[in-house]
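[1] Fold the following.
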Amino acid sequence: MAIRTSSARDVDSLLQQLRSPAALERDAAIARLRVMGTRALHRVLGVIADPASSGEVRVAALRVIDAVDDLKVRRAAMNAARDSDPAVAIAALQVLRPWITHDADTTVLESVTALVTDQTRLPDVRRAALDALSDLPSHLTEPLVHSVAAQLAAAPPLDDAETAGEWLANHQDASLGVLHDLISQAREHGRHEETDPARRAWLTVRSSAHAVLARRNSRIALYDARELFELTDEALPLDLLVSMRAIGDVGCLEALATAWERMAQDQWWREQVQDAARAIVSREKATGRNAVIKRIRTRWPGFLA
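    Numbers count the residues shown, from 1 in each chain. Here you go, the predicted structure:
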């Protein structure tokens, strides 16, 4: 966060603006308070901790401190994540998300995990906490995702792929838990279908649901997309490539390389898979020192060329 000299009067004025009922006024105050940096931080944290402040104002204050690397921010966000106002708790979880993978200890991880498993919390808060964990390696989160997602929400039983596709097209704003459940349904139906066209139809539904999640920047089912690339011996729907480009992480690269190797006869598909992998490497800023990149360059020397 940039630091700029500012007077107490400036901070007072902006905190007053932060309490405005007009969204544009609050957004302007958020932007200016971010620029003020540490000179305004103590006062902003005071607003977040003040029970007399409305939930709307506290959410705005949490947006000010999002991405600020300061232990006081971590403590304030952890406290706010336990707030009874779901909007405040969800905004606090957004602040905590980067700390989960970069914290020196497991305090934030344990706090967020406790929210996921707390059945007294509202489903929207638990979903937000579950999604905050999605930046962790999937082998750590997959058991939790499976055990909790069913508690949070479920898509309606959908017995044929055409009906499922129509339902998804009309429910693009479904909750993350519902979309995860739809993917699980599509995976199970696909496994039990006896014909290739029927299996492919369910794969299309599954892929479309992944694209919806990717547009919302959710990695809640990224493990499933990675599995599809690991196991495929055919070109997958383009929605899966779009999803990988948008939210795939370094842990997905070996699955992409496996799919690329298996499809030697389809040059166009191989090029699309390589493009998706390069997009991940660029977005995640992975270098040749990364262990995954080293393994790929040894086993699949032409993949990231």
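[2] By mean pLDDT, point me to the weakest helix or strand of the chain.
    Counting by mean pLDDT, DSSP states H and E, the chain has its least confident helix or strand at helix 138-152, which shows a mean of 73.
[3] Let me know the pLDDT of Ser6.
    Note for Ser6: predicted pLDDT of 45.
[4] actually Ser53, not the one I typed
    pLDDT, read off for Ser53, is 88.
[5] wait, doesn't it sit right on Leu45?
    No - Ser53 is not in contact with Leu45 according to Cβ atoms under 8 Å; the separation is 11.6 Å. Quick note: C-beta positions are derived from backbone N, CA and C, even for glycine.
[6] thinking again about what came up before, chain center to the least confident helix or strand of the chain: distance?
    Centroid displacement of helix 138-152 relative to its chain, using Cα atoms, centre = their mean, to the nearest Å, is 14 Å.
[7] got the buried residues for it?
    For helix 138-152, burial by neighbour count (16 or more other Cβ atoms under 10 Å) applies to Ser138, Thr141, Glu142, Val145, Val148, Ala149, Leu152.
[8] Mind checking what secondary structure Arg121 has?
    coil (DSSP: H, G, I helix; E, B strand; the rest coil).
[9] Show the contacting residues for it.
    Listed by Cβ atoms under 8 Å, 6 or more residues apart in numbering, the contact set of Arg121 reads Ala89, Leu115.
[10] Could you measure from it over to Leu136?
    20 Å (Cβ to Cβ, to the nearest Å).
[11] Which helix runs longest in this structure?
    In the chain, with assignment by DSSP state H, the single longest helix is helix 196-215.
[12] which other helices and strands contact that helix?
    helix 161-170, helix 176-192, helix 222-231, helix 238-247 (3 or more Cβ pairs under 8 Å, 6 or more residues apart in numbering; DSSP states H and E).
[13] Mean pLDDT, mean neighbour count and distance to Leu41 for these - can I get that in a markdown table?
    Formatted as a markdown table, the helices and strands packed on helix 196-215 follow (pLDDT from 0 to 100; neighbours: other Cβ atoms under 10 Å; distance: least, Cβ to Cβ, whole Å):
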| stretch | mean pLDDT | mean neighbour count | distance to Leu41 |
| --- | --- | --- | --- |
| helix 161-170 | 95 | 16 | 43 |
| helix 176-192 | 91 | 20 | 31 |
| helix 222-231 | 94 | 20 | 33 |
| helix 238-247 | 96 | 22 | 31 |
